[in-house]
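>>> what's the 3D shape of this:
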Amino acid sequence: MLHMATNAVSIPQSIRDFLATGPLAHVATINPDGRPHVSLAWAGLDGDELVFATFADQHKMDNIRRDPRVVVSFHAKEYTGKGLWPYVVIDGRARIVGGRALETMDYLAQFYIGPGSKYPMRDVPDGLKVRVTIERIYGQGPWRQTKS
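Predicted coordinates for the structure are as follows:
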């Protein structure tokens with residue numbers, strides 16, 4: 001597995017290419033009692049950070065405000081090989097940057113719907129944008145370079 005430390009995160013092109021296929025994200029945050037909370041989201045890279053957004057102040061946002069540690073996993077939409085389907089897991093620290101959720105969803109729509117697409121629901125509240133500073137990346141796919 002490929003593991004990257006906080007100060008040395010370099011996102012391989014193979015991971016950038018994989019995330020550009022629009023795999024759904026599973027965002028895991030930590031509940032107040034320590035149990036994990038998982039929700040589905042559109043997410044993708046913006047430069048060297050992961051971004052996602054929400055139009056409602058959801059449970060995961062309360063969790064991020066209290067504890068910024070998140071894990072986001074993605075699995076391939078299709079796979080014709082043998083063995084495990086390709087997947088990527090990103091550990092990091094999230095920060096809510098507020099507003100501009102529709103702008104973020106429009107950006108992500110190019111990966112989830114297609115080039116030039118916009119998020120289809122236009123009459124939405126301002127929402128919240130989240131940026132994740134990537135601390136570690138691992139998974140199964142062409143980016144897997146070393147065993148842990």
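
>>> neighbours of the nearest residue to P86 once chain neighbours are set aside, how many?
In space, and not counting its chain neighbours, P86 is closest to G141: 3.6 Å by CB to CB, 6 or more residues apart in numbering. For glycine as for every other residue, the C-beta is placed from the backbone atoms N, C-alpha and C. G141: 20 surrounding residues under other CB atoms under 10 Å.

>>> G141 and Y87 touch, don't they?
Yes - at 7.0 Å, G141 and Y87 qualify as touching, with contact defined as CB atoms under 8 Å.

>>> overlap in contacts, these two.
A76 (CB atoms under 8 Å, 6 or more residues apart in numbering).

>>> what mean pLDDT does the longest strand seen in the chain get?
In the chain, taking DSSP state E as the definition, the longest strand is strand 128-140. Strand 128-140 carries an average pLDDT of 95.

>>> quick one: strands adjacent to that strand?
strand 49-54 (antiparallel), strand 87-96 (antiparallel) (DSSP bridges).

>>> after the last one, next one along is what?
Downstream of strand 87-96, the first helix or strand assigned by DSSP states H and E is helix 101-112.

>>> show me what that following helix is packed up against.
Applying 3 or more CB pairs under 8 Å, 6 or more residues apart in numbering; DSSP states H and E, we find helix 101-112 packed against strand 43-46, strand 49-54, strand 128-140.
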